[in-house]
Structure formats: C-alpha cells, structure tokens
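S.K.: compute the structure for the input listed below.
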Amino acid sequence: MRPAAFGVFSTVLRRDGYRVLEARNGVEALELANDPSHEDIHILLSNVAMLYMGGIQLAEQLRETRPNIQILLTSGLPHQEVIERCGPYFSPDFLAKPFSVSDLSWKIKQLAAAI
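M.R.: Down below sits the predicted model:
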C-alpha cells in the first residue's frame, strides 16, 4: 500500500476501535508479530507485493505460529491469480485494489466477527 493510503486506513481502523500495528515491509511485520508483547494479533492486513517478503510468504509464515490468524490480502492482481499463488492449503480473504475505506472497514468487521 502507498504510505498515504496506509495512513488513512490505519486511522479509520483505529477510529473503529482496532489496535493497529504498522510495518513497512513483510520482514518488519513478521518481527512485530513474533514479539511476545503482541500476542493479541488476530488479523493480518497485507499487500501481496512488498519489499523483502511478500504478503503471501508473510501470511504463510504467520500461519505456522498463529494458525487461527485471519488474513486479508490486498493486490492489484486478479483475485484468482492471488489464490493460485497461495496454493491449495491457504485461502486468504482478499480485497482488490483500488478499494474504499468502507470496503476495508466492512471486511475487517467480517474477519473480527469470525475470531
């Protein structure tokens, strides 16, 4: 996600009552998620294409230590292509770019309800 868009989405999610941890790339996100002080992470929102580690690889690694984490990937790629890249054992929720703040808010509420 572009930094400006990420800031808007983070602000909206905080306004909706969620605690948001921000990472600039997949490696940083994995480090945050593996920090024992962040045991209460329940939802991963990630772009498919990121520096150092993509969103799919990040999600796969997080699933190893947090099998119940809800995963929401975003991409400009077609949904089917993202699903194919994920393989047969991993089917994340997906938001196609561009998406609106209300689309993101609705999807996060759905995922939070499944926790």
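S.K.: gap between the residue nearest the centre of the chain and I115?
M.R.: The centroid of the chain falls nearest to L45 when counting by Cα atoms, centre = their mean (1.5 Å). In this view, L45 and I115 are 14 Å apart by Cβ to Cβ, to the nearest Å. C-betas here are computed from N, CA, C, even on glycine.
S.K.: again, but for L95
M.R.: For L95, the distance to I115 - Cβ to Cβ - is 18 Å.
S.K.: so for these two, which residue has more residues nearby?
M.R.: Remark: of L95 and I115, L95 carries more neighbours, 18 against 9, as counted by other Cβ atoms under 10 Å.
S.K.: next one: the nearest residue to D103 once chain neighbours are set aside, what pLDDT does it get?
M.R.: Computed as Cβ to Cβ, 6 or more residues apart in numbering, the closest residue to D103 that is not its neighbour in sequence is L95, at 6.2 Å. On the pLDDT scale, L95 is placed at 91.
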